[in-house]
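Enquirer: Got a predicted model here, sequence first, then my questions.
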Amino acid sequence: MKLTIDEALTRGGTGPFQWRLLGIFGLVWAADAMQVIAVGFAAPSVAATFGLERVTALQIGTVFFLGMFVGAFLFGRVADRIGRKWVLVGTVAMDAVFGLASVMAGDFTWLLILRFLTGVAVGGTLPVDYAMMAEFLPPKNRGRWLVWLEGFWAIGTIVVALTAWAAASWGASAPWRWIFLVAALPALIGFVLRFWLPESPMYLVRKGRQAEARAVIDRVLAVNGAQPLPSQAHLRPAPVPAGAAVSILSAPLRRATLGVLAVWFLVSLSYYGVFVWVPGQLATEGFGFVRGYGFLVILALAQVPGYALAAWGVEALGRRPTLAAFLLLSAAGCGLFAVASGPALVATALIVMSFALLGSWGALYAFTPELYPTHLRGTGMGTASAMARLGGILAPSLLAVVFAQGFGLAIGSFALLLVLAAAALMLIPTETRDRAIG
């Protein structure tokens, strides 16, 4: 009897094993979100501590995203070669160490170095997390579970917003140190929990490590209360599309890869363009009554129903239509902000943007790992994540010029980028709902 890993996992369904996996990955995912979102919240107090202009202080974002670009590009490929587990353990350890060291930085140069190294760690964690989570889920409802994992991003965002609010309310002399401290603590816990994770059975069977793959599958089945595999069962890799054995740019994958990379870049440029600048703007000048950390918490909370709707949509409607709908809704929110004539419309536009942009991320993260076979999944996710970090690198510096022309004009320009992202989605010919991965 020959079984693919997907077929073997389907015997146990989704149960306690996947819930534990979601908790462990989700904790570090929230920590990574905190590290990323911290840029916008920390920049004003970094500028105050070191006597810098706010634009200069935002270099902590530029170097952090540069580090994420390096980490995503490097560690996704390493995970496809040496396995997922130890890459995850190593990157989370780096996240905790360099994140905590950032808290104690005594000058701006050291802070930039430490934020770069923290970015390398976070960039390496994000794509491998998703690849590994996908490889422990049976095809049915895989998209929903992957959106749930992405939903931990909202939790991290809420925690950072509350931390910044509390630090400002208590009159902390350097709120950025508190923000970076809180952002680093979950990675410490996640480092310990990562040792519980087994290696991906899809990776093991691709490497010919049949006994180890079988042991992992039997462990999953046992935790979920299912019978172990029959003694005569032999695990086999799922078929690989012809010509796809070497590269994510090989003929069968090239069009989907170019399309998905374009979507990642454009969504990232828009998302980071908004959420690197908006926190500082709302915490200082604001827009009438739309001002302060309280409204930033509201924006973070608006992300939660966005994820919930995306989790429903990717299973009920499919990955591509759900992602396209959220991209266009995000564009509408940005366009509304550009023409808003009063605080009420500004508030509505910001809430729509937060809701829809995070729904877009949820659908995109569910879609991308399913486009690639196991031996290229880490590479595919890592390259996509690297494109997102490239958007993050460019957003603070390139958009500073646009923001100088007017905040509304800058946000409005993201509407065009998001419409282009929806158009780029048309390059991807595949709908992956309920499809086996291998």
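Expert: That came through, no problem.
Enquirer: alpha carbons only for contacts and neighbour counts from here, please
Expert: Will do.
Enquirer: What ranges does the stretch 301-438 of the chain have for its helices?
Expert: Here the stretch 301-438 of the chain has its helices, by DSSP state H, counting those that start in this stretch, at 319-339, 343-367, 374-404, 407-424.
Enquirer: Packing partners of the last one?
Expert: In terms of contacts (3 or more C-alpha pairs under 8 Å, 6 or more residues apart in numbering; DSSP states H and E), helix 407-424 is packed against helix 251-283, helix 319-339, helix 374-404.
Enquirer: just to revisit the earlier point, of the helices of the stretch 301-438 of the chain, give the one that comes closest to Gly83.
Expert: helix 374-404 (9.4 Å; C-alpha to C-alpha).
Enquirer: can you pull the buried residues of the closest one?
Expert: Of the residues in helix 374-404, 374-397, 399-400, 403 count as buried by neighbour count, 16 or more other C-alpha atoms under 10 Å.
Enquirer: rewinding a little: among the helices and strands packed on helix 407-424, single out whichever gets nearest to Arg236.
Expert: Of all those, helix 374-404 comes closest under C-alpha to C-alpha, at 12.1 Å.
Enquirer: Point out the other helices and strands that that closest one packs with.
Expert: Using 3+ C-alpha pairs under 8 Å, 6+ apart as the test, helix 374-404 ends up in contact with helix 59-82, helix 108-134, helix 201-206, helix 251-283, helix 407-424.
Enquirer: Could you rerun that using 6 Å?
Expert: Under the contact definition 3 or more C-alpha pairs under 6 Å, 6 or more residues apart in numbering; DSSP states H and E, helix 374-404 sits against helix 59-82, helix 108-134, helix 251-283.
Enquirer: where exactly do the strands run in the stretch 101-250 of the chain?
Expert: Taking DSSP state E, counting those that start in this stretch, the strands of the stretch 101-250 of the chain run over residues 234-236.
Enquirer: where does it have low pLDDT?
Expert: 238-245 (pLDDT under 70).
Enquirer: where along it do the helices fall?
Expert: So, for the stretch 101-250 of the chain - with DSSP H, counting those that start in this stretch - the helices run 108-134, 142-169, 175-193, 201-206, 210-223.
Enquirer: would JSON lines of these with distance to Val263 and mean neighbour count be doable?
Expert: Listed next are these as JSON lines, based on distance: least, C-alpha to C-alpha, whole Å; neighbours: other C-alpha atoms under 10 Å:
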{"stretch": "helix 108-134", "distance to Val263": "16", "mean neighbour count": "26"}
{"stretch": "helix 142-169", "distance to Val263": "17", "mean neighbour count": "24"}
{"stretch": "helix 175-193", "distance to Val263": "28", "mean neighbour count": "22"}
{"stretch": "helix 201-206", "distance to Val263": "27", "mean neighbour count": "23"}
{"stretch": "helix 210-223", "distance to Val263": "34", "mean neighbour count": "19"}
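Enquirer: Quick one: closest of those helices to Leu345.
Expert: helix 142-169 (22.2 Å).
Enquirer: what angle sits between that closest one and helix 108-134?
Expert: 150 degrees (axes from the mean of the first three to the mean of the last three C-alpha atoms, to 10 degrees).
Enquirer: Quick one: neighbours of Ile37, just the number.
Expert: Neighbourhood size, Ile37 [other C-alpha atoms under 10 Å]: 24.
Enquirer: ok, and it, which helix or strand is that part of?
Expert: According to DSSP states H and E, Ile37 maps onto helix 16-50.
Enquirer: tell me which residues of that helix are tucked away?
Expert: For helix 16-50, the neighbour count (16+ other C-alpha under 10 Å) marks 17-18, 21-22, 24-47, 49 as buried.
Enquirer: and what of stretch 94-108?
Expert: 94-103, 105, 108.
Enquirer: Identify all contacting residues around it.
Expert: 111, 114, 118, 121, 177, 180-181, 184, 187-188 (C-alpha atoms under 6 Å, 6 or more residues apart in numbering).
Enquirer: ok so, going back, a markdown table please, covering the buried residues of stretch 94-108 and showing distance to Val267.
Expert: Compiled in a markdown table, those are given as follows (distance: C-alpha to C-alpha, whole Å):
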| residue | distance to Val267 |
| --- | --- |
| Met94 | 27 |
| Asp95 | 24 |
| Ala96 | 28 |
| Val97 | 30 |
| Phe98 | 28 |
| Gly99 | 26 |
| Leu100 | 29 |
| Ala101 | 31 |
| Ser102 | 28 |
| Val103 | 30 |
| Ala105 | 32 |
| Phe108 | 30 |
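Enquirer: which one of these is nearest Leu149?
Expert: Asp95 (18.7 Å).
Enquirer: Pull the number of nearby residues for Val78.
Expert: 17.
Enquirer: Grab the nearest non-local neighbour of it.
Expert: Val87 (7.5 Å; C-alpha to C-alpha, 6 or more residues apart in numbering).
Enquirer: any idea how far that neighbour lies from Ile158?
Expert: 28 Å (C-alpha to C-alpha, to the nearest Å).
Enquirer: Skipping adjacent residues, who's closest to Val223 in space?
Expert: Closest to Val223 by C-alpha to C-alpha, 6+ apart is Phe17, at 5.8 Å.
Enquirer: ok so, going back, out of the contacts of stretch 94-108, the closest to Ala347 would be?
Expert: So of the contacts of stretch 94-108, ranked by how close each gets to Ala347 (C-alpha to C-alpha), first place is Phe180, at 27.8 Å.
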